[in-house]
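J.: need a structure here:
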Amino acid sequence: MAPVVDWLPRVSHLNADYARAIDDDRLEDWPRFFVERCLYKITSADNHRKGLPAGIVYAESRGMLQDRVAALRDANVYERQTYRHLIGLPAILGEAEVGMRSETPFLVVRIMRDGTMDLFATGRYLDVLVEDQGALRFRERIVVCDSSRIDTLLAIPL
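T.: Numbering: from 1, shown residues only. Alright, predicted model coming up:
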């Protein structure tokens, strides 16, 4: 595994590409940021502190992420909206048994079709990152939202 200092620019770049794919409504690209057997979960800080395993959104494979995108495009009915992510600098926390751990703060503004903008979510990404087919990908991304009040319009990935 590369030295910790070498990971910072790569993780920053990965986070920027990840946010841009979501913000630009390229949701079909979103699952490609993950390895095949992965974990993506959105939870609250309180639930995370308590170690509660269930999430508001929970997927444990790239296929489940692809299904989520297909449902957003073809089946779910929700008010059209877009996001604008502001991503902080990642903290590289060191090696884990299965990859490199990092923590990155985020803020998401939601823009509704009528132009209304709301501070939608703040929190942190808790990630396990691995090399996969020449690219850095998420083995695990736990999205820990600061607030326990989660909007029912949470449709698009954070």
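J.: remind me which residues of the chain are low pLDDT?
T.: Low-confidence segments of the chain, defined by pLDDT under 70, span residues 1-5, 76-78, 151-153.
J.: distance between the helix ranked longest in the chain and the chain's centre?
T.: What stands out as the longest helix in the chain, according to DSSP state H, is helix 4-23. Counting by CA atoms, centre = their mean, to the nearest Å, helix 4-23 is centred 11 Å from the centre of its parent chain.
J.: beta partners for residue 111?
T.: Per DSSP bridges, residues listed as beta-bridge partners of residue 111: residue 82, residue 117.
J.: rewinding a little: buried residues, the longest helix of the chain. List them.
T.: Residues of helix 4-23 classed as buried by neighbour count (16 or more other CB atoms under 10 Å): 7, 10, 11, 12, 14, 15, 18, 19, 21, 22, 23. Where C-beta positions appear, they are placed from N, C-alpha and C, glycine not excepted.
J.: could you dump those residues to TSV with distance to residue 111?
T.: Output for the buried residues of helix 4-23, formatted as TSV (distance: CB to CB, whole Å):
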residue	distance to residue 111
7	32
10	29
11	26
12	24
14	24
15	20
18	18
19	14
21	16
22	12
23	10
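J.: For stretch 106-115, which outside residues touch it?
T.: 19, 79-88, 117-125, 143, 151, 153, 158 (CB atoms under 8 Å, 6 or more residues apart in numbering).
J.: Derive a ChimeraX selection command for the buried subset of those residues.
T.: One line in ChimeraX is enough to select the buried members of these, burial here meaning 16+ other CB under 10 Å:
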select :19,83,85,87,120,121,123,124,125,143,158
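J.: Identify those among the contacts of stretch 106-115 that sit within helices.
T.: Counting by DSSP H, these place residue 19 in helices.
J.: picking up where we left off before, please save the CA atoms from the longest helix of the chain in PDB.
T.: Listed next in PDB are the C-alpha coordinates belonging to helix 4-23 (Å, rounded to 0.1, in the frame of the first residue of the first chain):
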ATOM      1  CA  VAL A   4      -0.400   7.800   3.700                       C
ATOM      2  CA  VAL A   5       0.800  11.100   2.300                       C
ATOM      3  CA  ASP A   6       0.400   9.800  -1.300                       C
ATOM      4  CA  TRP A   7      -3.300   9.100  -0.600                       C
ATOM      5  CA  LEU A   8      -4.400  12.600   0.100                       C
ATOM      6  CA  PRO A   9      -4.500  14.000  -3.500                       C
ATOM      7  CA  ARG A  10      -6.000  10.800  -4.800                       C
ATOM      8  CA  VAL A  11      -8.800  10.700  -2.200                       C
ATOM      9  CA  SER A  12      -9.500  14.500  -2.800                       C
ATOM     10  CA  HIS A  13      -9.700  13.800  -6.600                       C
ATOM     11  CA  LEU A  14     -12.000  10.800  -6.100                       C
ATOM     12  CA  ASN A  15     -14.300  12.800  -3.900                       C
ATOM     13  CA  ALA A  16     -14.400  15.700  -6.400                       C
ATOM     14  CA  ASP A  17     -15.200  13.300  -9.300                       C
ATOM     15  CA  TYR A  18     -17.900  11.500  -7.100                       C
ATOM     16  CA  ALA A  19     -19.600  14.800  -6.200                       C
ATOM     17  CA  ARG A  20     -19.400  16.100  -9.800                       C
ATOM     18  CA  ALA A  21     -21.100  12.900 -11.100                       C
ATOM     19  CA  ILE A  22     -24.000  13.400  -8.700                       C
ATOM     20  CA  ASP A  23     -24.300  17.100  -9.100                       C
END
